[in-house]
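A.B. asks: Kindly generate the corresponding structure for this input.
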Amino acid sequence: MARNIQLLVIDPQNDFCDLPADYRPAGHAPSLPVVGAHADMQRLAGFIRTHAGALDAITVTLDSHQRFDIAHPGFWRGAVAPFTPITAAQVRAGDHAPRDAAALPRTLAYLDALEAQGRYTLMVWPVHCEIGSWGHGVHADVLAACGDWQLQRQRAVHNVFKGMNPWTEHYSAIQAEVVDADDPGTALNTRLLAALDAADVLLIAGEAGSHCVRATTEHIVQHLPARPGRSIVLLTDCMSPVGGFEVQQQEFLDAMHAQGVRLENSSQISL
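C.D. replies: Residues are numbered from 1 along each chain as shown. Modelled structure (predicted):
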């Protein structure tokens with residue numbers, strides 16, 4: 001009986017890749033480069049080309065933000081530097097405040113809800129993956145490999161956009177960190193889960209292993225119905241952590257392995 005093999009590629013975007021100069025147009029540079037991501041994406045592109053005939057579906061998620069975003073510096077009053085964590089207690093103490101004073105109640109409600117979950121503290125990131133920008137685009141090698149796969153298999157890549165709501169962080173492609181009741185796009189992505197549910201083997205790669213790959217995979221393991229014969233596989237040489245978050249990625253890999261997720265090298269796996 002034929003197996004359904006799917007590849008989920010999480011945020012393989014220029015802004016997350018430590019691209020050398022010859023991989024980017026003059027005047028462009030990634031805003032949130034993950035060390036090792038360029039090599040990760042080259043390995044992933046090679047994997048897609050090698051196993052194109054075996055891959056029944058490819059889903060690519062795209063981190064997609066506006067300049068105005070609660071996790072970008074311009075939202076906050078004063079010179080808030082990227083990589084600054086902000087807590088509800090700090091906002092209540094006046095250490096940080098939104099530039100728009102009218103946004104204070106909504107900001108505090110979000111921070112309280114986020115912190116109550118115990119997964120993340122709000123992190124102010126550099127402006128990244130701005131919709132329509134070069135940084136929002138897919139790494140050139142991965143894009144080309146996916147394009148060739150589409151022509152070979154005569155089917156489209158499924159793209160999933162996440163992060164367009166400026167009032168909530170959206171690391172996971174399955175659900176925003178805090179659901180906005182007025183925005184269905186932040187709620188549980190049942191359509192994506194249903195598509196992934198068809199997979200007998202679900203391969204996962206992308207950036208970054210400490211954040212968006214981690215959050216998405218945790219949600220998949222939580223929400224995808226378990227069934228005999230299904231394998232979830234992390235291609236560990238096709239992901240890297242954000243600098244300073246190496247421990248978080250390793251904790252994620254260890255936790256997933258303990259829950260039955262396979263950890264594999266893309267050059268050694270047999271499909």
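
A.B. asks: how about the strands in the stretch 151-271 of the chain?
C.D. replies: Under the criterion DSSP state E, counting those that start in this stretch, the stretch 151-271 of the chain contains strands at 158-162, 201-206, 231-235, 262-264.

A.B. asks: Partner strands of the second one, with direction?
C.D. replies: If I follow you right, that is strand 201-206. Strand pairing for strand 201-206, determined by DSSP bridges: strand 5-10 (parallel), strand 231-235 (parallel).

A.B. asks: got the residue ranges for the helices in the stretch 151-271 of the chain?
C.D. replies: Assigned by DSSP state H, counting those that start in this stretch, the stretch 151-271 of the chain shows helices spanning 190-197, 212-223, 246-258.

A.B. asks: one step back: take the strands of the stretch 151-271 of the chain and lay them out in CSV including distance to residue 87.
C.D. replies: Glycine gets a C-beta too; all of them are placed from N, C-alpha and C. Listed next are the strands of the stretch 151-271 of the chain as CSV, based on distance: least, Cβ to Cβ, whole Å:
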stretch, distance to residue 87
strand 158-162, 24
strand 201-206, 28
strand 231-235, 31
strand 262-264, 33
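
A.B. asks: Please identify the most buried of those.
C.D. replies: strand 201-206 (a mean of 25; mean count of other Cβ atoms under 10 Å).

A.B. asks: Next, the angle from it to helix 246-258.
C.D. replies: 180 degrees (axes from the mean of the first three to the mean of the last three Cα atoms, to 10 degrees).

A.B. asks: So which of the strands of the stretch 151-271 of the chain is nearest residue 69?
C.D. replies: Each of those was scored for nearness to residue 69 using Cβ to Cβ, and the closest is strand 158-162 (12.6 Å).

A.B. asks: CA atoms only: put that closest one into PDB for me.
C.D. replies: The C-alpha coordinates for strand 158-162 follow below in PDB (Å, rounded to 0.1, in the frame of the first residue of the first chain):
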ATOM      1  CA  HIS A 158       0.400  24.800  -0.400                       C
ATOM      2  CA  ASN A 159       1.400  28.200   1.100                       C
ATOM      3  CA  VAL A 160       0.300  29.100   4.600                       C
ATOM      4  CA  PHE A 161       0.600  32.800   5.700                       C
ATOM      5  CA  LYS A 162       0.900  33.500   9.500                       C
END
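
A.B. asks: who does that strand pair up with?
C.D. replies: Strand 158-162 has these strand partners (DSSP bridges): strand 57-63 (parallel).

A.B. asks: CA atoms only: put the partner strand into PDB for me.
C.D. replies: Presented in PDB, the C-alpha positions along strand 57-63 are these (Å, rounded to 0.1, in the frame of the first residue of the first chain):
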ATOM      1  CA  ALA A  57       2.700  17.300  -0.900                       C
ATOM      2  CA  ILE A  58       4.800  20.300   0.100                       C
ATOM      3  CA  THR A  59       3.500  22.900   2.500                       C
ATOM      4  CA  VAL A  60       5.500  26.100   3.000                       C
ATOM      5  CA  THR A  61       4.600  28.500   5.800                       C
ATOM      6  CA  LEU A  62       5.500  32.200   5.500                       C
ATOM      7  CA  ASP A  63       6.000  34.500   8.400                       C
END
